[in-house]
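Asker: Here is my input, please return the structure:
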Amino acid sequence: MVFFFFTASLVSCTRKEKTVKDVMDNAISNLYKTMNAKELSELDDEKVLSLFSKDELQVLSSHHWMFDANVPVVVSIMRSNGQKKLPFWLTEKGFVKTDKIVKSEQTTYDVWQKSFEAGTVGLGINGFENFGLHYFVSVIAQNKSDQLELSNFFPENQYVGVMDIGAFTYHDWDELVLTEVPDELRGQKLLTTIRGRGRGTHLIGAFRTTPFQSSEKPDQVVLTWSEEPSSTQTIQWRTNPTAKGVVRYWEKGAGPEDNFTEVNSENIVIEDRLLQNDQFINHHTGTLKNLKPATNYHYIVGDPNLNIWSEEADFTTAPNGPAPFSFVYFGDTHRSPHWGELIHSVYKRHQNTAFYIIGGDLVSTGLYRDEWDKLLGYSSDVLNKKPLMPVPGNHDNQAGLGAKLYTDLFSLPMNGPDKVKPEQSYSFEYGNALYLMIDATSPYDDQTEWIENQLKQTNAKWKFAVSHFPPYCYEEDYKDIRDKWCTIFDKYHVDMVMSGHVHYYLRTKPMNNEKPVSSPAEGTIYVISIAIPDNEGVIPEQSYADVQFSGEMLYQTLDINGDTLVYKAMNIDGVVRDEMVITK
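Answerer: Numbering: from 1, shown residues only. Next up is the predicted model:
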């Protein structure tokens, strides 16, 4: 998989004119002042267009996608014929539908064209509904003798490809390539985009509510590690925007009224402008340092000025060096209430678990804060006691628009690859184990050297990697991961790689060089799991599979004691569905 990124229209344009974001922010603010929830839900194209002035419509029709051409050009817009509503500006600005079509492996695109003089070309928004495939563009000089140059792009860092069969059109899904391109369009400059870019102007059916509204009282209290697990603990929580935050903590046996330490939190305001009943929250992060290893601490979080506090909770720091411990792995959770039932069941059954890992797709739409509210609301009274260490999946880092809510809500180690956004890939050690938490939604090549360096430098006895996309599965072929990462796992003998994404359970035979080997001492075991009910049905037999099945939501316990690892896959009732023992 090859990745290309550019700055999306959700950020401000570097040109001096008013931006699409400016116009949309103003419109949404006015809607909240003038419409109730029912009226917001009944918005259609006619009502939406009436919200904007003539000047604002001009911005929406010409400032969404911009570039300069040095010579007169013909611009072709390829729009999916599955999008029934034409952008309001398309015919008004003189674009004409041709008889040409372009096809990818999944979609047919109509071709609309217009001629432009040399200078700035300005194109408009994809629409006001949340259609999943943004249009893309090709450009050719009107005069064949002219040498065409394009520059001054907005969004910035525009990738310019070549319009032809086999070309990709979306940075966030470059495996989706063109299969049919008319001869007249072949060889033109192809301006690629991201599928979800139209979300920046989503108004029709856009407004949401959260079932977990914030208040002055702290909630969504979550433990993670952003630094060393034996001497630090990071605590996150939220309030409404009026409250500030501190952490008060003390060792077990000394109450807060007797001997507590207080740490101020770092606070950020998180906005979801389409979340009509809870648009803004304060998100608080406090990191406790210089803690004693293997020690139980109690804590509360809150605002001392308001004298409003969370319920008391506790955590235990990691041991300083090798000691027996266990952790729990979850596959996709998708903010499901079933996930809430599962993690509460796990917590009651496995009190000595040191921490939890989720292998991506924590939610289904990572851009929506109400989905994160559900994930954290359903896991209340658990994640405030046991740290959670996640990696993002394609639903968390969705549609090419980034994983900002993921990184805003979880404070994680900042020791990842230089070219990957901080906290999306990282590593940590607990006891005698190394954990490589790898963001499979970021470029593979940007992480390969980092992965090798982490494995080369560690003295850990046990080595685990967590990455959302599974190197071995029957539905999708992740050959790039096997070529770039699994060869390194082979070289340094990673014990287990844990993934999700495809909704069934798999444990492979020990694998080395893409072939089964006789024992875990010679190869790596790859696991796929799913933490919500699945409907995968019958799974075809695979030569690399040791155990595979579908139909249940599962979790995995991994108990490590010196040279021995005991692995179990269990369902919500605690029934063991798969198990094995590895002895080094």
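Asker: Packing partners of the helix or strand harbouring residue 23?
Answerer: In the assignment (DSSP states H and E), residue 23 maps to helix 20-34. With contacts taken as 3 or more Cβ pairs under 8 Å, 6 or more residues apart in numbering; DSSP states H and E, helix 20-34 sits against helix 54-62. In this view, the C-beta of every residue, glycine as well, is placed from N, C-alpha and C.
Asker: After the helix it packs on, which helix or strand is next?
Answerer: Criterion used, DSSP H and E; the element after helix 54-62 is strand 65-69.
Asker: Tell me the strands beside that following strand, with direction?
Answerer: According to DSSP bridges, strand 65-69 has the following sheet partners: strand 119-123 (antiparallel), strand 150-154 (antiparallel).
Asker: buried sites along the last one?
Answerer: Applying a neighbour-count criterion of 16 or more other Cβ atoms under 10 Å, one finds 150, 153, 154 buried in strand 150-154.
Asker: follow-up on the earlier one: CSV please, covering the strands paired with strand 65-69 and showing mean pLDDT and distance to residue 475.
Answerer: Output for the strands paired with strand 65-69, formatted as CSV (pLDDT from 0 to 100; distance: least, Cβ to Cβ, whole Å):
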stretch, mean pLDDT, distance to residue 475
strand 119-123, 98, 36
strand 150-154, 97, 36
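Asker: List just the one of these that sits closest to residue 191.
Answerer: Nearest of those to residue 191, taken as Cβ to Cβ: strand 150-154 at 7.9 Å.
Asker: and the angle for the closest one with helix 20-34?
Answerer: Angle of strand 150-154 versus helix 20-34, following axes from the mean of the first three to the mean of the last three Cα atoms, to 10 degrees, is 20 degrees.
Asker: then strand 150-154 to CSV, C-alphas only?
Answerer: Extracted in CSV, the C-alpha atoms of strand 150-154 (Å, rounded to 0.1, in the frame of the first residue of the first chain):
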residue,chain,number,x,y,z
LEU,A,150,0.2,23.5,-12.2
SER,A,151,1.1,25.3,-9.0
ASN,A,152,-0.2,27.1,-5.9
PHE,A,153,-2.5,24.3,-4.8
PHE,A,154,-5.2,24.4,-2.2
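Asker: next SSE after that strand?
Answerer: strand 160-162.
Asker: Identify all contacting residues around that following strand.
Answerer: Residues from elsewhere that reach strand 160-162, judged by Cβ atoms under 8 Å, 6 or more residues apart in numbering: 150, 167, 168, 187, 188, 189, 190, 191, 192.
Asker: and the second one, what does it touch?
Answerer: The contact partners of residue 167, by Cβ under 8 Å, 6+ apart, come to 161, 177, 178, 181, 190.
Asker: and the first one, what are its bridge partners?
Answerer: Read that as residue 161. On the basis of DSSP bridges, residue 161 is bridged to residue 190.
Asker: now the strands paired with strand 65-69 in TSV, with distance to residue 568?
Answerer: Formatted as TSV, those follow (distance: least, Cβ to Cβ, whole Å):
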stretch	distance to residue 568
strand 119-123	55
strand 150-154	53
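Asker: And the ones you listed: which comes nearest residue 437?
Answerer: Taking the strands paired with strand 65-69 one by one with Cβ to Cβ, strand 150-154 is closest: 33.6 Å.
Asker: residue ranges of the helices in the stretch 251-400 of the chain, please?
Answerer: Counting by DSSP state H, counting those that start in this stretch, the stretch 251-400 of the chain has helices at residues 256-259, 337-349, 369-378.
Asker: Check those for me: which has the lowest mean pLDDT.
Answerer: Ranked by mean pLDDT, those bottom out at helix 256-259, with a mean of 70.
Asker: in the stretch 201-350 of the chain, which spans are strands?
Answerer: All strands of the stretch 201-350 of the chain, identified by DSSP state E, counting those that start in this stretch, fall at 219-224, 233-239, 246-251, 261-264, 266-271, 280-288, 296-303, 308-309, 313-316, 325-330.
Asker: Buried residues of the fourth one, list them for me.
Answerer: Same thing as strand 261-264. Judged by neighbour count (16+ other Cβ under 10 Å), strand 261-264 contains these buried residues: residue 263.
Asker: what mean pLDDT would you report for it?
Answerer: Across strand 261-264, pLDDT averages out at 96.
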